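1. compute the structure for the input listed below.
(one chain, ligands or ions: 2)
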Amino acid sequence: MLVIGLTGGIASGKSTVSGLLSSKHNIPIIDADYLARAVILPGTRGYKAIISHFGNQVLKPDGVTLDRQALSDIVFNDERERKALNSIVHPAVRHAMVWEVVKCWLSGQWACVLDVPLLIEAGLWRWVGEVVVVYVNEPLQLARLKARPSPNPNERPLSTTQALSRIKAQMPLTEKLTYADHVLDNSGTENELQIQVDSLVNKWKKQSAGWTQKLYWLVPPLGLWAAFVTVGVRWLRHNRKIANKRRGRGENAAVESIPPNREEVEMRTR
Ligand SMILES: CC(C)(COP(=O)(O)OP(=O)(O)OC[C@H]1O[C@@H](n2cnc3c(N)ncnc32)[C@H](O)[C@@H]1O)[C@@H](O)C(=O)NCCC(=O)NCCS
Ligand SMILES: Nc1ncnc2c1ncn2[C@@H]1O[C@H](COP(=O)(O)OP(=O)(O)OP(=O)(O)O)[C@@H](O)[C@H]1O
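-> Ligands and ions are numbered 1, 2, ... in the order given. Below is the predicted model of the structure:
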């Protein structure tokens, strides 16, 4: 089974891509944001740890529900507090994710997607077969983040300062590109994004169509061996990229691997 790690920057379009992968191509999605919510619901160990660390200031007036906005204001403005929250939530999310992958494998899926905003930062990129980064430049990212409707209608849209502090809480997207096996450039329309997604899925389908995939499923030790080889090759390839980057070549190569966005094309042709 092909385990695909899908990442990007905040509001770069990961959910839009995973929506396409799920609805159009029927690929199961394991959504880290969803799991991160589930592991801190009232009564869970995560919930108790959050209250014990952050206190009642992160509770709504009902005294039970977590006030996500209040928690965001703290963690997106203070790296130490963000690390504290991560250390509560991330182990539980990782645990839940492993189970979801096992369930996909047992049900005979040919692929599954881990939609994880912090795939690179948390080191999970090492454990997937393919890393896909959804890319937009920062001005477009900021504009889309501010324009995105909040799931809670009572919440005000993010200010520029709030939006920037969320963007800065993650590794710069250009740096994430150095980890990518595939880059989806989301600077254009959703239709243009869909064309890139379709072509990537076709490539994966061809790659997974052979008898070896069926053999790996039927003979689990072989499947495990193939997974170890994939992970080992990924580490070696990335170390080589980093070594090239240190020699001053790799970073440009990664950035050049994405198509120029519309504004850049317009500027170049002016
Ligand atoms: C801070 C919280 C309460 C904000 O909740 P809110 O509903 O406003 O946002 P939501 O959960 O939908 O996250 C939106 C986006 O913010 C970014 N983000 C969330 N948490 C983090 C973090 N710790 N560091 C960097 N970026 C983050 C991601 O890109 C995510 O997709 C929540 O995101 C949270 O519990 N974060 C810690 C867990 C985490 O790291 N989640 C990311 C996936 S594991
Ligand atoms: N090609 C596009 N053109 C215009 N708007 C887009 C495009 N792709 C995504 N959007 C919009 O940008 C916003 C962010 O997209 P999306 O929610 O998919 O990003 P995300 O990377 O999943 O964000 P997060 O990390 O916060 O979960 C959404 O409002 C979405 O509708």
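2. helices or strands next to the helix or strand containing residue 236 in the packing?
-> Taking DSSP states H and E as the definition, residue 236 sits inside helix 220-246. Counting contacts by 3 or more C-beta pairs under 8 Å, 6 or more residues apart in numbering; DSSP states H and E, helix 220-246 packs against helix 211-218, helix 250-256. Quick note: C-beta positions are derived from backbone N, CA and C, even for glycine.
3. and that helix, which residues are buried?
-> With burial defined by 16 or more other C-beta atoms under 10 Å, the residues of helix 220-246 counted as buried are 223, 226, 227, 234, 241, 244, 245.
4. repeat that for stretch 49-60.
-> The neighbour-count check on stretch 49-60 (16+ other C-beta under 10 Å) flags 49, 50, 51, 54, 58, 59 as buried.
5. OK, contacts around residue 59?
-> Contacts for residue 59 (C-beta atoms under 8 Å, 6 or more residues apart in numbering) come out as 51, 65, 66, 67.
6. need the buried ones from those selected in ChimeraX.
-> The buried residues among these can be selected in ChimeraX (16+ other C-beta under 10 Å) with this line:
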select :51,66,67
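7. among the contacts of residue 59, name the ones in helices.
-> Judged by DSSP state H, these include residue 51 as members of helices.
8. mind putting the contacts of residue 59 into CSV with pLDDT and distance to residue 84?
-> Output for those, formatted as CSV (pLDDT from 0 to 100; distance: C-beta to C-beta, whole Å):
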residue, pLDDT, distance to residue 84
51, 97, 13
65, 95, 20
66, 96, 15
67, 95, 17
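9. from the contacts of residue 59, pick the one nearest residue 21.
-> Nearest to residue 21 out of the contacts of residue 59 is residue 66 (C-beta to C-beta; 29.4 Å).
10. low-confidence ranges, this structure, go.
-> Scanning the chain with the threshold set as pLDDT under 70 gives 151, 245-246, 248-270.
11. kindly state the domain boundaries assigned to it.
-> The record's domain parsing of the chain by automatic domain parsing lists 2-28+111-264, 42-108.
12. looking at those domains, which is nearest to residue 35?
-> Residue 35 sits nearest to domain 42-108 of all the domains of the chain, at 4.7 Å, using C-beta to C-beta.
13. for my notes, confirm residue 108 occurs in a strand.
-> No: under DSSP: H, G, I helix; E, B strand; the rest coil, residue 108 sits outside any strand and is assigned coil.
14. leaving out the residues flanking it, which one is nearest to it?
-> With C-beta to C-beta, 6 or more residues apart in numbering as the criterion, residue 108 has its nearest non-adjacent residue at 6.6 Å, and that residue is residue 217.
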